[in-house]
Structures are given as C-alpha cells and as structure tokens.
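>>> 3D, please:
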Amino acid sequence: MAVINVSVEILIGFASTFTRPVNETKNIIANITGISAIQFINLGLILVFVSIDFKLDILGITNPPGILQGKFMDFTSGWYNKVGSQIVMTMIIEIVAPHGLPLVLIIYYGIVRCYDRGCTRDKRKTKQLIQYNYEQIYIGPEFTLDNRLAQIVALVWVTFLFSTGLPIIIVVTLANLIAMFWIDKYLLLRFYQTPKNWDDTTIKYTISLLKWTFVFHFAMGMLMLSNSDILADKVVMVK
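Residues are numbered from 1 along each chain as shown. Next up is the predicted model:
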C-alpha cells in the first residue's frame, strides 16, 4: 500500500503537467484533493470493504466481486486481530515510506554531483560549461507541497476513522507527523531548492479538508461501539 501511495503521488503530479489550471495554486489544490482521497481509500477503506460481509441487493444490484464479501459480519474481536492489526502495521510503515523517494533523490544527486566534480571534495570544480546545467545539478529538486499536504490529510482521516476501536493508531500517527516535520525541515534546509512564496490558500484548503475528520470519526465510531460483543448493552451483576 505504501508503494501504491507513492505511485499515486508521482502519477497525479505527472498528469497535472498536462492540465491547464487558472494558476499554480489551483493546480496544487486539485492535486491535494486527488492524492488525499486516493490515499485515504488505499490506507483505510479498502481493508474495510474487503473484510466486512454485507449483502447488498437493491433492485437486483448485488455486491461487486470481492467487495463487502469478507469473513466478518461486524467489527468483532476477530476483525481487530486480523484486519485492525494490518491497519496499524500499514500506518507504521507509512512513517518510513513517504521518505523513500527523497532518499532515492539524495543518492541520485550525490552520484551526479560526485561525477561532476570528478569525485573530489573541491566543490568549486565542475565539468559544466553552462550556468543552467550547473544549477540543475546543485540547486536541488523542488519540494512537492501538494504531496506532503495530501499525505497529512490522508493520515489524519485514517487515524480518526479507526481511532475509536484502535486508539494506538493515534500514537503511530503522532510519531509519523513528528518524523515528517524534522525530516522535511532538514531536507528543506540542506537538500531541496528554496521553496516558492505560496500564500495561505493551500493551507486554508487543507484545513477545510481536515474538518471531514469529525464526520469519519463519528460514523465509524458508532459502528464500532454498536457491537454488543465488544461493549455489552446490558448491565451484568457480578456476585
């Protein structure tokens, strides 16, 4: 799933180059919407859809193959042991997975710069004759703001979607956000090129998407807490 998320970011970013947005901010907002929605489905909803057994029959329309035809009728202890543990493990992997592509870029640029300097430590030495080619090697890649904001939105959505029954996922996401902050801070100072001066439009839009967190949390929370096998609906007197 982590590989799928990274692939989605690359594909949507590549596809956005063929669009004709009004401005670059509109392009980033469109990317945030698409990436966060797909990652949310990939991280959280797919495992629910394939694990829950819910027979659908409306006007002859039945479940698509493999969808809502799982082994669990409800969010039982078996669901938490099998599916819930997979969700938590996926979120743990997400602590490392988003930084795989920057690591590859660091290695790539390191090799290119080493070759350009003749593998010497003299940073003034270069084989480039044109200023543009020199800058392309040493200025670093651009920080993809839309990918990072979409990852944050998807992580928060998934966290609060399952936090009622899987509270440990909050701790995992907190560790993810802390790691994301420090790694991005280091890379912005030491590796990426100087970011563009964006206004607050993208941040305000990201915050507006985060408001859906409460809807997901309450809806899934009611489904999880309604299972009488987990929380009994009758008072049992113990003598």
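>>> What is the burial count for the closest residue to residue 123 other than its chain neighbours?
Spatial nearest neighbour of residue 123, excluding adjacent residues (C-beta to C-beta, 6 or more residues apart in numbering): residue 117 at 6.9 Å. To be clear about C-beta, it is placed using only N, CA and C from the backbone, and glycine gets the same treatment. Other residues lying near residue 117 total 16 when counted by other C-beta atoms under 10 Å.
>>> wait, residue 117 sits on residue 125?
Yes. A contact is recorded between residue 117 and residue 125 when judged using C-beta atoms under 8 Å, the distance being 4.9 Å.
>>> related to what we said a few turns ago, now the residue nearest to residue 123: how far from residue 158?
As for residue 117, its distance to residue 158 is 44 Å (criterion: C-beta to C-beta, to the nearest Å).
>>> Could you do residue 144 as well?
From residue 144 over to residue 158 the distance is 20 Å, taken as C-beta to C-beta.
>>> So residue 153 sits against residue 210, correct?
Yes. Using C-beta under 8 Å, residue 153 and residue 210 qualify as a contacting pair, with a distance of 6.3 Å.
>>> so what's the residue nearest to the spatial centre of the chain closest to, chain neighbours aside?
Of all residues in the chain, the one closest to the mean position by C-alpha atoms, centre = their mean is residue 151, 3.3 Å from it. Spatial nearest neighbour of residue 151, excluding adjacent residues (C-beta to C-beta, 6+ apart): residue 98 at 5.6 Å.
>>> For that neighbour, give me phi and psi.
Here the main-chain torsion angles of residue 98 (degrees, to the nearest 10) amount to phi -60, psi -20.
>>> burial measure for it, as a count.
Residue 98 is surrounded by 23 other residues when neighbours are defined as other C-beta under 10 Å.
>>> mind checking how far residue 122 is from residue 116?
Computed with C-beta to C-beta, the distance linking residue 122 and residue 116 is 11 Å.
>>> How about residue 140?
As defined by C-beta to C-beta, residue 140 lies at a distance of 14 Å from residue 116.
>>> same check, this time on residue 83
Looking at residue 83 against residue 116, where the rule is C-beta to C-beta, the gap reads 50 Å.
>>> What are the boundaries of the strands in the protein?
In the chain, the segments counted as strands under DSSP state E are 57-58, 61-62.
>>> which regions of this structure sit below the pLDDT cut-off?
Along the chain, the parts satisfying pLDDT under 70 run over 1-22, 53-70, 229-239.
>>> Give me the buried stretch members for the lengthiest helix in the chain, please.
For the chain, the helix reaching the highest residue count under DSSP state H is reported as helix 168-190. Neighbour-count burial for helix 168-190 flags 169, 172-173, 176-177, 180, 184, 187 (criterion: 16 or more other C-beta atoms under 10 Å).
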